[in-house]
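[1] predicted model and sequence follow; I will ask about them next.
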Amino acid sequence: MNDAAAPPPPPESPKFTDLGLHPDLLRAVQDMGFERPTPIQAQGIPPVMAGRDVIGCAQTGTGKTAAFVLPILHRLLQGVSRGRVRALVVEPTRELALQSIEELRALGKYVPLKGAAIFGGVPMDPQIRALAQGVDVISATPGRLLDHVYSGRIDFGDLQVLVLDEADRMLDMGFFPDITRIISLLPPKRQNLLYSATMPQPILDLIRGMLRDPLMIQVGQRSAPATGVRQTLYPVPRPRKLDLLTRLLRQDGMDSVLIFTRTKIFADRLTRSLTERGFRVSVMHGDRSQSQRLRALDQFRRGRNSIMVATDIAARGIDIEDISHVVNYDVPHTPENYVHRIGRTARAEATGDAVTLVDASEEPFVTDIERALGRQVPRVTLPDFDYGPADHAGAARHAGRHPGGHPRHGPHGGHGHHAPPRHGGHPQHGPGHPQGGPGGGRRRRRRRRGGGSGQGHAPHGHHGGHGHAPA
Ligand code: AMP
């Protein structure tokens with residue numbers, strides 16, 4: 001990336017109206033309730049409007065979708081070939097393909113430009129009809145896009161802008177051969193935008209081969225979670241995790257909770273256990289059909305179900321504004337995954353809570369995470385929760401096995417007999433009144449940083465105490 005220009009100096013908190021966007025786009029921005037551009041928008045919108053290639057090192061949650069959607073719409077408005085495919089957004093998941101087109105429709109509601117989402121797992125016909133009517137922007141996953149291209153339904157002759165979104169995810173998911181094929185079908189003279197939270201070597205190679213004099217914009221540290229996320233660890237023996245989770249879910253304020261598990265099987269088991277306990281739960285993982293996923297997402301989004309259980313891959317595309325809590329039922333095995341998971345809450349400028357249940361055998365992963373964060377995460381124990389031996393009949397049935405096999409690092413042993421809480425933290429996270437129950441409709445609230453709620457959420461738990469000095 002030697003050819004990437006230095007990032008511009010941080011802007012003086014500009015307003016959307018300072019960016020030179022078309023007035024009809026500004027109206028839509030206002031309707032969306034966006035008050036100020038996020039850093040990636042402030043830095044990225046002007047160069048994209050000017051036609052430059054841009055590399056955005058930014059994670060989901062930074063506002064990166066609008067950072068490319070707005071300037072692309074602005075540019076396409078200047079052109080004449082209406083109804084011809086002039087911008088292509090390639091996304092790793094169906095949900096992201098859908099969500100970027102939804103954002104495009106919302107931000108483009110006052111302009112005469114059309115977008116279509118193209119992804120697999122659903123019938124071809126509606127997509128064929130949409131394409132036949134003429135679209136200006138396509139947001140697509142690679143496989144289905146190629147199906148349409150090879151059937152002659154998409155002509156890239158007028159293409160001006162290519163966006164590769166979440167390029168590192170696409171690499172992880174094995175999409176690079178398809179991406180290479182897609183790129184070979186596009187006019188060589190075009191604008192390229194590439195967004196990726198990390199820059200592994202194959203992406204650097206792609207950048208070198210494809211981008212012209214790119215401007216590089218880095219937002220936040222790669223392993224830095226959004227600053228609005230309050231993180232807490234709950235040490236708990238594995239056989240007691242389900243009961244502790246149930247207890248936490250019954251606290252007030254658990255309006256919309258995304259729970260991560262590592263495996264699909266366990267996601268299903270946990271969903272059953274929580275449903276048996278009276279919670280309304282959606283589940284999202286790779287074995288669910290596209291219509292099941294969309295329904296799950298819809299029920300969670302509308303607040304009909306206050307809990308979504310998901311695996312990492314499935315959750316990548318979830319874009320929900322108001323996730324109040326992310327719960328890691330298992331500690332993620334890499335700091336990157338941890339940061340990615342907890343980034344699902346505190347989207348854009350809101351705040352959120354990330355709760356991680358930690359069994360003794362998972363402590364080595366916590367050490368890695370804390371080292372990457374450069375600090376220890378507060379630990380909390382509930383004084384009136386029974387951390388005693390397993391509830392083998394109930395919780396253990398569902399939660400007893402370590403779904404991912406053995407942890408990488410050895411010494412902590414894999415049994416669930418974590419020493420019970422050795423320091424009396426206070427139940428905190430949200431008011432600790434177990435009232436309200438879980439099933440209540442979600443309160444639509446957007447908790448802004450500095451906006452009052454949850455501020456001064458000092459860690460009541462003990463800092464560290466487990467001898468994991470951050471590096
Ligand atoms: P993204 O990183 O593109 O997935 O965006 C995360 C969320 O932030 C989406 O729900 C956007 O609608 C929202 N968002 C994008 N830009 C802004 C902004 N300037 N102010 C407030 N919210 C925003």
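    Okay, I see it.

[2] please make it C-alpha for all contacts and neighbour counts, starting now.
    Noted.

[3] where are the low-confidence patches of this structure?
    Scanning the chain with the threshold set as pLDDT under 70 gives 1-13, 220-228, 314-321, 345-351, 390-471.

[4] and residue 145, how far is that from the ligand?
    For residue 145, the distance to the ligand equals 22 Å [Cα to the nearest ligand atom, to the nearest Å].

[5] distance from the one helix or strand that residue maps to to the middle of the chain?
    Secondary-structure assignment from DSSP states H and E places residue 145 in helix 142-150. What separates the centre of helix 142-150 from the centre of its chain is 25 Å, taken as Cα atoms, centre = their mean, to the nearest Å.

[6] that helix: which residues count as buried?
    Of the residues in helix 142-150, those scored as buried under the neighbour-count criterion (16 or more other Cα atoms under 10 Å) are 142, 143, 144, 145, 146, 148.

[7] stretch 198-213 too?
    Taking 16+ other Cα under 10 Å as the basis for neighbour counts, the residues of stretch 198-213 that come out buried are 198, 203, 207, 208, 211, 212, 213.

[8] one step back: helices or strands up against the helix or strand following the helix holding residue 145?
    Once the chain leaves helix 142-150, the next helix or strand it forms, by DSSP H and E, is strand 161-164. Contact partners of strand 161-164 among helices and strands, from 3 or more Cα pairs under 8 Å, 6 or more residues apart in numbering; DSSP states H and E: strand 87-90, strand 191-195.

[9] and after whichever strand or helix holds residue 28, which helix or strand comes next?
    Using DSSP H and E, residue 28 maps to helix 23-32. Proceeding N to C from helix 23-32, the next assigned helix or strand is helix 39-49, under DSSP H and E.

[10] show the backbone phi and psi for residue 79.
    In this entry, residue 79 is assigned phi and psi values of phi -90, psi 180 (degrees, to the nearest 10).

[11] count of neighbours near it?
    Close neighbours of residue 79, defined as other Cα atoms under 10 Å, add up to 9.

[12] with residue 354 instead?
    Residue 354 is flanked by 25 other residues according to other Cα under 10 Å.

[13] regarding it, what is its secondary structure?
    Remark: residue 354 carries the secondary structure label strand [criterion: DSSP: H, G, I helix; E, B strand; the rest coil].

[14] and it, how far is that from the ligand?
    When distances are taken as Cα to the nearest ligand atom, residue 354 and the ligand turn out to be 17 Å apart.

[15] so what's that residue up against?
    Neighbour list for residue 354: 229, 230, 231, 232, 325, 326, 327, 328, 342, 345 [criterion: Cα atoms under 8 Å, 6 or more residues apart in numbering].

[16] what about the strands in the stretch 201-350 of the chain?
    Shown for the stretch 201-350 of the chain, the strands assigned by DSSP state E, counting those that start in this stretch span residues 215-218, 229-235, 257-260, 281-284, 307-310, 325-328.

[17] mind putting the ones you listed into a markdown table with mean neighbour count?
    Listed next are the strands of the stretch 201-350 of the chain as a markdown table, based on neighbours: other Cα atoms under 10 Å:
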| stretch | mean neighbour count |
| --- | --- |
| strand 215-218 | 22 |
| strand 229-235 | 23 |
| strand 257-260 | 27 |
| strand 281-284 | 26 |
| strand 307-310 | 27 |
| strand 325-328 | 26 |
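
[18] looking at those strands, spot the one closest to residue 389.
    If you check each of the strands of the stretch 201-350 of the chain against residue 389 by Cα to Cα, strand 229-235 wins as the nearest, at 14.0 Å.

[19] to residue 274, which of the strands of the stretch 201-350 of the chain lies closest?
    Taking the strands of the stretch 201-350 of the chain one by one with Cα to Cα, strand 281-284 is closest: 7.2 Å.

[20] residues in contact with the closest one?
    Where contact means Cα under 8 Å, 6+ apart, the residues beyond strand 281-284 that reach it are 267-268, 271, 274-275, 293, 296-297, 299-300, 305-311, 314-315.

[21] just stretch 127-141 next, same as before
    The contact list for stretch 127-141, computed with Cα under 8 Å, 6+ apart, reads 82-94, 97-98, 100-101, 113-120, 153-154.

[22] filter the contacts of residue 354 down to the ones close to the ligand.
    Intersecting the contacts of residue 354 with the surroundings of the ligand, defined as Cα under 6 Å from any ligand atom, gives nothing.

[23] could you dump those residues to CSV with distance to residue 52?
    Below are these laid out as CSV (distance: Cα to Cα, whole Å):
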residue, distance to residue 52
229, 33
230, 37
231, 38
232, 41
325, 38
326, 37
327, 40
328, 40
342, 32
345, 32
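
[24] pick the one among the residues you listed closest to residue 69.
    Within these, proximity to residue 69 (Cα to Cα) peaks at residue 345, which comes in at 22.2 Å.

[25] what helices or strands is the helix holding residue 28 leaning on?
    Using 3+ Cα pairs under 8 Å, 6+ apart as the contact criterion, the elements in contact with helix 23-32 are helix 94-107.

[26] quick one: the helix it packs on near the ligand?
    No. Contact between helix 94-107 and the ligand is absent, the nearest approach being 6.8 Å (criterion: Cα under 6 Å from any ligand atom).

[27] buried sites along that helix?
    94-105, 107.

[28] for the ligand, see how far away residue 310 is.
    For residue 310, the distance to the ligand equals 18 Å [Cα to the nearest ligand atom].

[29] right, and that residue touches residue 285 too?
    Yes. With the criterion set as Cα atoms under 8 Å, residue 310 and residue 285 qualify as a contacting pair; they are 5.8 Å apart.

[30] so what sits against both of these two?
    Taking Cα under 8 Å, 6+ apart as the contact definition, residue 310 and residue 285 share the neighbouring residues 264, 267.

[31] any idea how far residue 303 is from the residue nearest to residue 29 when sequence neighbours are not counted?
    Distances taken as Cα to Cα, 6 or more residues apart in numbering put residue 107 closest to residue 29, at 6.2 Å, once the chain neighbours are dropped. Taking Cα to Cα, to the nearest Å as the measure, residue 107 falls 24 Å from residue 303.

[32] elements contacting the helix holding residue 145?
    Contact partners of helix 142-150 among helices and strands, from 3+ Cα pairs under 8 Å, 6+ apart: helix 176-184.

[33] which other residues reach the helix it packs on?
    142, 143, 146, 170.

[34] contact residues of this protein facing the ligand?
    Applying Cα under 6 Å from any ligand atom, one finds that the chain approaches the ligand through 34-38, 60-66, 321, 347-348.

[35] so residue 229 touches residue 355, yeah?
    No. Because the distance of 10.0 Å does not satisfy Cα under 8 Å, residue 229 is recorded as not touching residue 355.

[36] from residue 385, how far out is residue 255?
    22 Å.

[37] if you count surrounding residues, which of these two has more?
    With neighbours defined as other Cα under 10 Å, residue 255 and residue 385 compare such that residue 255 has more, 26 against 13.
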